[in-house]
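# Predicted model follows, preceded by the sequence.
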Amino acid sequence: MKNIYITVDLECHDIVHRNQYIEGKYKNGVCGLEHILRLGKELNIPINFFFDMVEAKEYGEEYAKDIIELIHKYNQHVYLHLHPDYVSGDHEKSFFWQYNYQDKKEILQYGFDLFQRLLGHEPKAFRIGRYGADEEMYDAMKEMGISLVDLSYSSGSSKMCHLGRDTAKVDNAIIRFKGQTLFPNTRYRAIQFGRKSKLINLDTNDSTFNEYRRFLDKNELGQITLTMHSWNFIKKYFFSKNYVSLDKRAEKKFRKMISYGKKKGYVFSDFTENPPVVGKERDQVIDLCTGLSGKVQMLCNNFLRFQKIGRLNKKYFAVYAIFYILIILICIAVIWNMR
């Protein structure tokens, strides 16, 4: 059986604009967390919610309890996500590897104790915020007697994840590492220029459907992650702090991803009911940039990917605005010369 584990990183980061991160309330309903839950129910798929509940230290525990209650209402499971700066209070240190060993243990203990208190059991799966793991994190977890499915490792992402491939010795296959079931976030080669290349997560937002389809067509891994965030269907813009609406294109792509995954024989799975198995497949990195066709599709996919980022980023917005203005001016000039 081939499994896809959909993981949702559920986090707020700014309680003032909670609606743009969590609820997504707009004139026709909601397009945030509850919309994801409704889609899961409609499509009959489990969705694994990795909740950054330590934000409750700043926002209050009622905030966390309400979210957990809503997820359980739809019979989905909650797992532990942890951004360390919400425990330390130092938002200049948002990567876990920025802390010393003792601080790491204290931050982990706080997160695991809070999870136990709010849910009544230990977490079965865990992901550190921003994939900011390092080898010391696994040493600390082992010393603390923690053993679970860990999804903190992100291959080829050295600026974020400080557990290097030379240490983990894996890209995408599930392995045992220092007492944990290390489930790497599924990544593929999406950019290649000469000797420089970049791996990105297989993600409902960042990956185009073209990439997702080609990945599943080439993939031989039996267990993969499909990542997303609680705001993936919330359409917002960098120039409006309060605007929210449903991103219909994002929802349509999500539905197509689920449908195509089932068509290819994948079962959408839950970490509690169907936990991943170590040693089930060989390691593999799918390269979507090979050959002339692959390179052309790479350019198109990245054009679309970065254009979407333009809604949230001033620099990208300016670049694409200039590009389209030039296209319009060129078209006007061509039409004028044809007269």
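Noted; the coordinates are in hand.
# Please name the residues that touch the nearest residue to residue 82 once chain neighbours are set aside.
Using CB to CB, 6 or more residues apart in numbering and skipping the chain neighbours, the partner closest in space to residue 82 is residue 111 (4.3 Å). In short, each C-beta sits where N, CA and C put it, glycine included. Residues in contact with residue 111 (CB atoms under 8 Å, 6 or more residues apart in numbering) are 53-54, 80, 82, 87.
# could you redo the last one with a cut-off of 10 Å?
Residue 111 makes contact with 52-54, 57, 80-84, 86-87, 123, 126, 128, according to CB atoms under 10 Å, 6 or more residues apart in numbering.
# Just send those residues back as a markdown table, with secondary structure, neighbour count and pLDDT too.
Below are the contacts of residue 111 laid out as a markdown table (DSSP: H, G, I helix; E, B strand; the rest coil; neighbours: other CB atoms under 10 Å; pLDDT from 0 to 100):
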| residue | secondary structure | neighbour count | pLDDT |
| --- | --- | --- | --- |
| 52 | coil | 22 | 98 |
| 53 | helix | 28 | 98 |
| 54 | helix | 25 | 98 |
| 57 | helix | 16 | 96 |
| 80 | strand | 24 | 98 |
| 81 | strand | 27 | 98 |
| 82 | strand | 28 | 98 |
| 83 | coil | 23 | 98 |
| 84 | coil | 27 | 98 |
| 86 | helix | 25 | 98 |
| 87 | helix | 21 | 98 |
| 123 | coil | 23 | 98 |
| 126 | strand | 23 | 98 |
| 128 | strand | 28 | 98 |
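# How is the chain partitioned into domains?
Per automatic domain parsing, the domain ranges recorded for the chain read 2-289, 291-339.
# how about the helices of the stretch 1-150 of the chain, start to end?
For the stretch 1-150 of the chain, applying DSSP state H, counting those that start in this stretch gives helices covering 18, 33-43, 56-59, 61-73, 85-88, 101-119, 135-143.
# buried set for the last one?
Residues of helix 135-143 classed as buried by neighbour count (16 or more other CB atoms under 10 Å): 136-138, 140-141.
# Take that helix, keep the C-alpha atoms, and write them as CSV.
Extracted C-alpha coordinates of helix 135-143, given in CSV (Å, rounded to 0.1, in the frame of the first residue of the first chain):
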residue,chain,number,x,y,z
GLU,A,135,21.5,17.0,15.7
GLU,A,136,21.4,18.2,19.3
MET,A,137,17.6,18.3,19.1
TYR,A,138,17.5,14.5,18.6
ASP,A,139,20.1,14.0,21.4
ALA,A,140,17.9,16.0,23.7
MET,A,141,14.7,14.0,22.7
LYS,A,142,16.6,10.8,23.2
GLU,A,143,17.8,11.8,26.7
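# centre of the chain versus it, how much separation?
23 Å (CA atoms, centre = their mean, to the nearest Å).
# Next: the shortest one.
The offset between the C-alpha centroid of helix 18 and the centroid of the whole chain comes to 19 Å, using CA atoms, centre = their mean.
# Residues in contact with it: which ones?
The contact list for helix 18 (CB under 10 Å, 6+ apart) reads 12, 24-25, 32, 59, 63.
# which stretches of the stretch 101-250 of the chain aren't confidently modelled?
Judged by pLDDT under 70, the stretch 101-250 of the chain has no weakly predicted residues.
# one more time with 90
Within the stretch 101-250 of the chain, the ranges that satisfy pLDDT under 90 run 195, 241.
# Which parts of it are strands?
Assigned by DSSP state E, counting those that start in this stretch, the strands in the stretch 101-250 of the chain fall at 125-128, 149-150, 175-177, 180-182, 187-193, 196-201, 223-229, 234-237, 240-246.
# quick one: contacts of the second one?
With CB under 10 Å, 6+ apart as the contact definition, strand 149-150 has outside contacts at 5, 48, 79, 123-128, 133, 137-138, 141, 174, 177-184, 271-272, 275-276, 278.
# give me that answer again for 6 Å
For strand 149-150, contacts defined as CB atoms under 6 Å, 6 or more residues apart in numbering pick out 125-126, 180-183, 271.
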